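Novice: predicted model follows, preceded by the sequence.
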Amino acid sequence: MSDQTALDIQNLYVERGGKPVLHDISMSFLPGEITALIGANGAGKSSTVLAAAGAIPLKSGQVLLEGTPISGLSADAIRRRGVALVPEGHNVLSTLSVLDNLRVAGSHLPAKHINAAVDRVLALFPELSSRLPIPAGALSGGQKQMVLIGQALISAPKFMLVDELSLGLAPTIVSRLAETLQELANEGMGILLIEQFTTLALKIAEHAHVMERGRVVFSGTSKELLADSSILHSAYLATG
Ligand SMILES: Nc1ncnc2c1ncn2[C@@H]1O[C@H](COP(=O)(O)OP(=O)(O)OP(=O)(O)O)[C@@H](O)[C@H]1O
Ligand SMILES: [Mg+2]
């Protein structure tokens, strides 16, 4: 039985390059909560969110949004239903202006709604306001991450899947971004936060899932996970 408010991943199997990379992955994300997805390099974190967002195909299993299956829909259709992905790598459209980066993310919206959506993003990230006309490629790493989160927010998602929030960013920027995620969760958004390093994620997440070699090896509260160091220890040694 699926929670009628959740984003539910059920029994996902995924292959990439002809090799199985996800084995029977099930996890659930609640609105108004940050959930951490952690695990070593190659554990399958990105594959899980790419599959949930419709960016890579499922071999079997399903994804339900508020009880309704969304797996099999296109990535665009899934985004329109309310599941937005912030992909890893901080890849903005570097030759386009910051404003155009935000506007293209709203190309599926009626024109009159795009400006309001961009204004909502600028209210969260006022740092971007003075940068709107410059090419996004010229931004700092932290500002690029703001643009990518902003792109995801343009469609006012119910759930946002953030792949590697902190990679390569200075700790002060990471704390600043983490505060924004907490603000969004307080307003009711469900947020999945992928992190290779656990300190930040477990500090701000209520629940956590740990992956190891394409499998879920722990699902529970962050508190439970922090109390049992053997799970994380094993997950980070299992990089083979
Ligand atoms: N484009 C691809 N083609 C084929 N195999 C891939 C591709 N991307 C990832 N893989 C493989 O899928 C498995 C899971 O990788 P994935 O990127 O999901 O892990 P991850 O947990 O996100 O790792 P990282 O912390 O390095 O981002 C790995 O074995 C990886 O080599
Ligand atoms: Mg990854």
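Specialist: Sure thing, it's come through. Given the structure is predicted, the values throughout are model-derived calculations rather than measurements. Ligands and ions are numbered 1, 2, ... in the order given.
Novice: contact partners for E195?
Specialist: Going by C-beta atoms under 8 Å, 6 or more residues apart in numbering, E195 touches 36-38, 164-166, 201. For the C-beta atoms, the positions are set from N, CA and C on the backbone; glycine is no exception.
Novice: at 7 Å what do you get?
Specialist: Residues in contact with E195 (C-beta atoms under 7 Å, 6 or more residues apart in numbering) are 36, 38, 164-166, 201.
Novice: next: S94.
Specialist: Contact analysis of S94 by C-beta under 7 Å, 6+ apart lists 135-137.
Novice: could you pull out the helices for this structure?
Specialist: Ranges of helices within the chain are 45-52, 75-81, 98-104, 111-124, 141-153, 171-186, 198-204, 222-227, 229-237, based on DSSP state H.
Novice: so which of the ones you listed gets nearest G17?
Specialist: Smallest distance to G17 across those (C-beta to C-beta): 11.0 Å, for helix 45-52.
Novice: name the helices or strands packed onto that closest one?
Specialist: If contacts are counted by 3 or more C-beta pairs under 7 Å, 6 or more residues apart in numbering; DSSP states H and E, helix 45-52 sits against strand 7-16, strand 19-29, strand 159-163, strand 190-195.
Novice: circling back to that earlier point, looking at neighbours, which among the contacts of S94 is most surrounded?
Specialist: A136 (24 neighbours; other C-beta atoms under 10 Å).
Novice: just give the nearest non-adjacent residue to that residue, would you?
Specialist: V92 (3.9 Å; C-beta to C-beta, 6 or more residues apart in numbering).
Novice: number of nearby residues for that neighbour?
Specialist: By other C-beta under 10 Å, the residues close to V92 number 22.
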